[in-house]
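1. Here is the input, now give the coordinates:
(one chain, ligands or ions: 2)
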Amino acid sequence: MIEIVDVETLDGSKRSIQIESETSQRIDANGLTLLPARIDPHVHFRVPGAEYKEDWRSAAKAAIAGGVSMVFDMPNNTPNCTSVSALQSKRAIIDRQLAEVGIPLQYGLYLGAEHGHLHEIDAAPDHAVGIKVFMGSSTGTLLVDDDVSLDEVFTRAAKQGLVVSVHAEDEAMVQARSRQLASETQPDVHSRIRNPEAAAVAVTKAIALAERHGTKLCVLHVSSAQELKLLRSAKARGVDVFVEATPHHLFLDTSAYAKWGNHVKVNPPLRDATDRKALWEAIADGTVDMIGSDHAPHTQEEKKQPYTSAPAGIAGVELTLPLLLDACHQGQLSLKRLVQLTHDNIESIFALPASDDWVLVDRNLVRTVKDEDLETKCGWSPYAGMTLTGWPVAMILQGKYIEIGAKECLITH
Ligand code: DOR
Ligand code: ZN
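-> Numbers count the residues shown, from 1 in each chain. Ligands and ions are numbered 1, 2, ... in the order given. All right, here's what the predicted structure looks like:
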């Protein structure tokens, strides 16, 4: 049994909490707050195929540093994860890597939708947390942009009671804008190529498919006022649709290109300050259901290439919670809403069994983000230099008490 003594809980009261464990420990948690551990419904941990950017050893340490107990990993791998057998092989590698670092990180895997493999959806419920559809192309080769295949994905998933999670950007519109703006080489062109209109067209299509077939739909990394308007009205007429927002769309906007260039190239791209404000309003009014980091690590060398070659993506698994705790500190978010967005709603949308995984946070700890403190293998973050108030300091994961250090995570038995 782990006994957490004198800890503040979500309702503001101070208590002693007991958590099932094989070990016997008493933790003096005076000054700390106990929250359900964060579930990250959207990560790219790069196995198999791009282990030089991340693997599950480094990613598990990064997850712990970020107070994360469970992740859902995306299928844009090499080879792509588009079959049950690919899911099984991926699971075997992950389990080996997690065992090596002794971190019992919980995880679910997405099956990638791909033309020629759509029958795999029928066998997916026992193996996948949902079906990922790239309606617009991004990192890797996954893409479903023809209406017949999209219809088939939504029909098959609905029959299996599986969630369909979409990367909603219209491929044809993005390609056309890319040709129009081909002479521009500065990274900020990215936000004009992949404009909110391209996202809105894809979101409209996804909502219509979910409505027609009764599919449970998650629209990932929603970033613009236009998408939010469509999603608000779909929710109001009872469509089974849920909305994810990412930390980079909440904490960064197009002004970040001046300092970070391609390092903040991401799909969908950063939006302007008006869209960012709209996203915070959607957090407040309940339109946004969950926060996913969309942890998408790439190396500095890759990001330093010219605009057209530099890959899109930003790492975020370990800094999402500190960023959100800092937003709480600044009065932009309540702690209750934070827990809904990072735990409760995700548990309910994906019908996860209730867990007993927790994170202890020091809401008053002030720390500046430094690249050298990061656990992610890519080793850099566009949040470096930001001073944040509120950090996770320990986790209770599957009955294990794990302290979070600035660099190493220490497992005590
Ligand atoms: O910016 C992105 N990076 N968006 C995606 O959709 C994929 C991700 C990645 O895997 O790098
Ligand atoms: Zn993603």
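2. contacts, neighbours, all on C-alpha from now
-> Fine.
3. how about the residues of the stretch 301-413 of the chain that lie near ligand 1?
-> 312-313 (CA under 6 Å from any ligand atom).
4. now swap in the chain and tell me
-> 44, 138-139, 266-267, 296, 312-313.
5. Show the buried residues in those residues.
-> Using 16 or more other CA atoms under 10 Å as the burial test, the residues of the chain next to ligand 1 include 44, 138, 266-267, 296, 312-313 as buried.
6. quick one, strands of the stretch 101-250 of the chain?
-> 106-112, 130-134, 164-167, 217-219, 241-245 (DSSP state E, counting those that start in this stretch).
7. any chance of those in TSV, with distance to A59 and mean neighbour count too?
-> Shown next, in TSV, are the strands of the stretch 101-250 of the chain (distance: least, CA to CA, whole Å; neighbours: other CA atoms under 10 Å):
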stretch	distance to A59	mean neighbour count
strand 106-112	12	23
strand 130-134	21	25
strand 164-167	22	24
strand 217-219	24	25
strand 241-245	21	24
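8. would you turn those strands into a markdown table with distance to S83 and mean pLDDT?
-> Converted to a markdown table, the strands of the stretch 101-250 of the chain look like this (distance: least, CA to CA, whole Å; pLDDT from 0 to 100):
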| stretch | distance to S83 | mean pLDDT |
| --- | --- | --- |
| strand 106-112 | 7 | 98 |
| strand 130-134 | 11 | 98 |
| strand 164-167 | 16 | 98 |
| strand 217-219 | 20 | 98 |
| strand 241-245 | 25 | 98 |
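9. JSON lines for those, including distance to T254?
-> JSON lines is the format used below for these (distance: least, CA to CA, whole Å):
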{"stretch": "strand 106-112", "distance to T254": "30"}
{"stretch": "strand 130-134", "distance to T254": "23"}
{"stretch": "strand 164-167", "distance to T254": "20"}
{"stretch": "strand 217-219", "distance to T254": "22"}
{"stretch": "strand 241-245", "distance to T254": "16"}
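10. circling back: which one in the buried ones among the residues of the chain next to ligand 1 is the model shakiest on?
-> Ranked by pLDDT, those bottom out at S138, which has 91.
11. how close does it sit to V264?
-> 14 Å (CA to CA, to the nearest Å).
12. swap in D151?
-> Taken as CA to CA, the span from D151 to V264 is 33 Å.
13. for this structure, which spans come out with low pLDDT?
-> Filtered on pLDDT under 70, the chain yields the residue ranges 406-413.
14. And stretch 328-335, how far out from the chain middle?
-> 20 Å (CA atoms, centre = their mean, to the nearest Å).
15. Ok, stretch 263-282 next?
-> 15 Å.
16. Ok, stretch 331-343 next?
-> Computed by CA atoms, centre = their mean, the chain-centroid distance of stretch 331-343 equals 16 Å.
17. what's the answer for stretch 79-93, then?
-> 20 Å.
18. Name the residues that touch that stretch?
-> Outside stretch 79-93, the residues within contact range by CA atoms under 8 Å, 6 or more residues apart in numbering are 47-49, 75, 109-114, 117, 120, 123-124, 127-128, 141-142.
19. Report the buried members of the residues you listed.
-> Applying 16+ other CA under 10 Å to the contacts of stretch 79-93 flags 47-48, 75, 109-114, 120, 124, 127-128, 142 as buried.
20. The residue lying closest to L111 once chain neighbours are set aside pairs with what?
-> If the residues on either side of it in the chain are set aside, L111 comes closest to I131, at 5.0 Å by CA to CA, 6 or more residues apart in numbering. Applying DSSP bridges to I131 gives these bridge partners: L111, V164.
21. how near is I131 to D73?
-> Taken as CA to CA, the span from I131 to D73 is 11 Å.
22. what is in contact with the two at once?
-> Common neighbours of I131 and D73 (criterion: CA under 8 Å, 6+ apart): Y110.
23. rewinding a little: which one of the strands of the stretch 101-250 of the chain lies closest to V68?
-> Proximity to V68 (CA to CA) singles out strand 106-112 among the strands of the stretch 101-250 of the chain, at 9.1 Å.
24. the inter-axis angle of the closest one versus strand 130-134?
-> 50 degrees (axes from the mean of the first three to the mean of the last three CA atoms, to 10 degrees).
25. Show me what strand 106-112 packs onto, helices and strands only.
-> strand 68-73, helix 84-101, strand 130-134 (3 or more CA pairs under 8 Å, 6 or more residues apart in numbering; DSSP states H and E).
26. Tabulate these (CSV), appending distance to A256.
-> Below are the helices and strands packed on strand 106-112 laid out as CSV (distance: least, CA to CA, whole Å):
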stretch, distance to A256
strand 68-73, 26
helix 84-101, 34
strand 130-134, 26
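27. Give me the more crowded residue out of D151 and V264.
-> Each of D151 and V264 has its neighbours counted (other CA atoms under 10 Å); V264 has more, 28 against 15.
28. That one touches P382, doesn't it?
-> Yes. Judged on CA atoms under 8 Å, V264 makes contact with P382 at a distance of 7.0 Å.
29. joint contacts of these two?
-> Here V264 and P382 share the contacting residues I314, scored by CA under 8 Å, 6+ apart.
30. Sort out which residues of stretch 219-230 are buried, please.
-> Buried, per 16+ other CA under 10 Å, within stretch 219-230: 219-228, 230.
31. now the helices for the stretch 1-150 of the chain?
-> Counting by DSSP state H, counting those that start in this stretch, one finds helices in the stretch 1-150 of the chain at the ranges 56-65, 84-101, 147-160.
32. packing partners for the last one?
-> To tie it back to what came earlier, the one meant is helix 147-160. For helix 147-160, the packing partners by 3+ CA pairs under 8 Å, 6+ apart are helix 196-213.
33. quick revisit: from the buried ones among the contacts of stretch 79-93, pick the one nearest ligand 1.
-> Closest approach to ligand 1 among the buried ones among the contacts of stretch 79-93 (CA to the nearest ligand atom): P75, at 8.8 Å.
34. wouldn't that closest one be in contact with G112 here?
-> Yes. The pair P75 / G112 is scored as a contact, 5.2 Å apart, by CA under 8 Å.
35. contacting residues for the residue in the stretch 301-413 of the chain that ligand 1 sits nearest to?
-> Nearest to ligand 1 in the stretch 301-413 of the chain, going by CA to the nearest ligand atom, is G313, at a distance of 3.4 Å. Taking CA under 8 Å, 6+ apart as the criterion, G313 is in contact with 263-267, 294-298.
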